[in-house]
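J.: mind looking at a prediction? Sequence and model below.
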Amino acid sequence: MSAHIRPDLDAIPAYVAGKTHPGAVKLASNETTFPPLPSVTKAIAEAVELSNRYPDNHAIELRGAIADFLGVQLENVAAGCGSVALCQELVQITCRRPEDEVLFAWRSFEAYPIVTQVAGAKAVQVPLDGEFTHDLDALAAAITPNTRVVFVCNPNNPTGTARGKAEIVEFLDKVPGDVLVVLDEAYFEYLRMPAEDFPNGVELGRTRPNVLVLRTFSKAYGLAGLRVGYAVGAPEVITALMKVHIPFSVSRVAQAAAIASLEARSELLERTDAVVAERDRMRAALIAAGYRVPVSHSNFVWLPLGARSAEYGAASTEAGVIIRPYGADGVRVTAGDPHENDAFLRFATDPETVARFLG
Ligand SMILES: *Cc1c(COP(=O)(O)O)cnc(C)c1O
C-alpha cells in the first residue's frame, strides 16, 4: 500500500526530465551563454571552502548589497532560492482558503499556476491581448473580493512583450490597496524603453506598499545554476516572506556569487546589449521569412505557431537546435551566441521549414 498523497496534486503534471541531445544547441531556457566572471568564480571557490558551515539564513550581506544598489532599506529586500521560490512563498503568505484567488495573464510564466495549486488556492487566468501583451484593463476587471495576489510578468515570459510605465501606473491605480501586485521583472535588464516610459517596478513600489517586485540573478547575471533571486517590497510583506522561507535555502555559495555579481554588474549588464542586438536581429530575420513575431523586451523571441508548435519544436530539435514549445500557443527561442542563433535561423528560414509551417 502506498502513502496517501494529496489527490489534488494529480492535476499538476509530473516533472519529466528534458531529453538530452548531444551536440545540440540549447536555446530553450533563457540562460546566459557566458560562464561566471573570474571574480565571481573566485567568490564561489572561497564560499565552497566554508561548506561545513550553514549559510546566513537572513542573507544580511546580500540583502544589504541589493538594498544599496537599489536605494532601498534592508527591510525592503528578501532573498529566495531563485525568484521562483519567492513566487511560491508569495502565494503562501497571501492565500489559505480554497476560494482565495491568484490572478495572472495567460500565457505567462509556467510557475504561477503550479505554485497556486500547491498552495491550494484558485488560479484565475486572463488571456493576453491580440498582440500577446498583458491586457491590464481585463486583469483589473477580473479582481474580486477573493483576489489575494496578481502576478504581472513584465516583460512577459514566454511572449517577450512588455507594458510601459504609464500603463502599469494606470493599472496599479485601479487595484485595491489590499491586493498584492507582484511585478515579476526577471527580464528587467533586457528592457529597452524610452526613459520617460521605462517601467521600473522598484520605483513604482516606493509609494505603493501593495506592490512587490521580483528580480533574479538567473538571467542577465548568469547564475541560473546557483538559484538566487530577490523580492523588493514593503517591510510587512518582506517579514511575512521570511516566515515561510525554507530555512537556509539560499546557499552560502549562491549568496557569495550574487554579491560578487552585483559588484561586477557594469561588466555583466554591458553584455545585455549584445543579447538585445541578437534578439532584434533574430526577430528581423524571422519577420523577413514570413513569421509573425511580437516585439521582444527580453532575451528571447516568441513565434505564435498555434497548433503546429509541438511539431515545429520537434523539427527544430531534429535540425540540432532545442527550443521551447508551449502547447498549442507557440514556441519560445532564446537569443544565445550569434552562431547558435544562426543555427536556429538556418532551420527557421529554410524554404522547406517555411513551406511546411507557414504555408
Ligand atoms: C526565469 C524566470 C524567473 C526566475 O527564475 P529563478 O527561479 O530566479 O531562476 C522568474 N520569473 C520569470 C517570469 C522567469 O522567466
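T.: Alright, I've got the coordinates.
J.: residues of the stretch 51-200 of the chain that sit close to the ligand?
T.: Proximity of the stretch 51-200 of the chain to the ligand (CB under 6 Å from any ligand atom) is limited to residues Gly82, Ser83, Val84, Phe109, Cys153, Asn157, Asp184, Ala186. Glycine gets a C-beta too; all of them are placed from N, C-alpha and C.
J.: can you pull the phi/psi pair for the last one?
T.: When you say that, I think you mean Ala186. Dihedral pair for Ala186: phi -60, psi -30, per degrees, to the nearest 10.
J.: count residues in the vicinity of it, would you?
T.: Ala186 has 25 neighbours, counted by other CB atoms under 10 Å.
J.: may I see the residues of the stretch 51-200 of the chain next to the ligand arranged in a markdown table, with secondary structure and pLDDT as well?
T.: Listed next are those as a markdown table, based on DSSP: H, G, I helix; E, B strand; the rest coil; pLDDT from 0 to 100:
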| residue | secondary structure | pLDDT |
| --- | --- | --- |
| Gly82 | coil | 98 |
| Ser83 | helix | 97 |
| Val84 | helix | 97 |
| Phe109 | coil | 97 |
| Cys153 | strand | 98 |
| Asn157 | coil | 98 |
| Asp184 | strand | 98 |
| Ala186 | coil | 98 |
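J.: check contacts around the residue of the chain found nearest the ligand.
T.: Per CB to the nearest ligand atom, Gly82 is where the chain lies closest to the ligand, at 2.4 Å. Counting by CB atoms under 8 Å, 6 or more residues apart in numbering, Gly82 makes contact with Thr216, Ser218, Arg227, Val228, Gly229.
J.: widest-spaced pair of those residues?
T.: The span of the contacts of Gly82, defined through CB to CB, is set by Thr216 and Arg227 at 9.4 Å.
J.: looking at those two, which is more packed in?
T.: Thr216 (25 against 22).
J.: right, and Leu136 touches Glu167 too?
T.: Yes - using CB atoms under 8 Å, Leu136 is in contact with Glu167, at 5.9 Å.
J.: any weak-confidence spans in the stretch 1-150 of the chain?
T.: For the stretch 1-150 of the chain, applying pLDDT under 70 flags the ranges 16-19.
J.: go with 80
T.: The model of the stretch 1-150 of the chain has pLDDT under 80 over residues 14-20.
J.: which residues of it fall in strands?
T.: 25-26, 77-80, 101-106, 122-127, 147-153 (DSSP state E, counting those that start in this stretch).
J.: let me see the domain layout of this structure.
T.: 17-34+265-354, 38-263 (the TED database).
J.: out of those domains, nearest to Asp8?
T.: Of the domains of the chain, nearest to Asp8 by CB to CB is domain 38-263, at 7.0 Å.
J.: what about the closest one, distance to the chain center?
T.: Relative to the chain's own centre, domain 38-263 is displaced by 8 Å; criterion: CA atoms, centre = their mean, to the nearest Å.
J.: how far does it stretch from one end to the other?
T.: 12 Å (CA to CA, to the nearest Å).
J.: what angle do the strand or helix carrying Val181 and strand 147-153 make?
T.: Element membership of Val181 [criterion: DSSP states H and E] is strand 180-184. Calculated by axes from the mean of the first three to the mean of the last three CA atoms, to 10 degrees, strand 180-184 forms an angle of 20 degrees with strand 147-153.
J.: rewinding a little: so of the strands of the stretch 1-150 of the chain, which one's packed in deepest?
T.: Mean neighbours per residue, mean count of other CB atoms under 10 Å, is largest over those for strand 77-80, with a mean of 26.
J.: list of residues touching that one?
T.: Identification of contacts with strand 77-80 by CB under 8 Å, 6+ apart yields 59, 62-63, 66-67, 70, 86, 89, 228-233, 238, 241-242, 245, 249-250, 255, 258.
J.: can you flag the buried ones in these?
T.: Listed as buried from the contacts of strand 77-80 are 59, 62-63, 66-67, 70, 86, 89, 228-233, 238, 241-242, 245, 249-250, 255, 258; burial here means 16 or more other CB atoms under 10 Å.
J.: mind showing which ranges of the stretch 251-359 of the chain have poor pLDDT?
T.: Using pLDDT under 80, nothing in the stretch 251-359 of the chain is flagged.
J.: now the strands for it?
T.: Going by DSSP E, counting those that start in this stretch, the stretch 251-359 of the chain shows strands at 300-303, 321-322, 324-326, 330-334.
J.: same list, the ones you listed, but as CSV with distance to Val77 and mean neighbour count please.
T.: Output for these, formatted as CSV (distance: least, CB to CB, whole Å; neighbours: other CB atoms under 10 Å):
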stretch, distance to Val77, mean neighbour count
strand 300-303, 27, 27
strand 321-322, 35, 24
strand 324-326, 31, 21
strand 330-334, 28, 27
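J.: turn the ones you listed into TSV, columns for distance to Thr116.
T.: Shown next, in TSV, are these (distance: least, CB to CB, whole Å):
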stretch	distance to Thr116
strand 300-303	23
strand 321-322	28
strand 324-326	18
strand 330-334	21
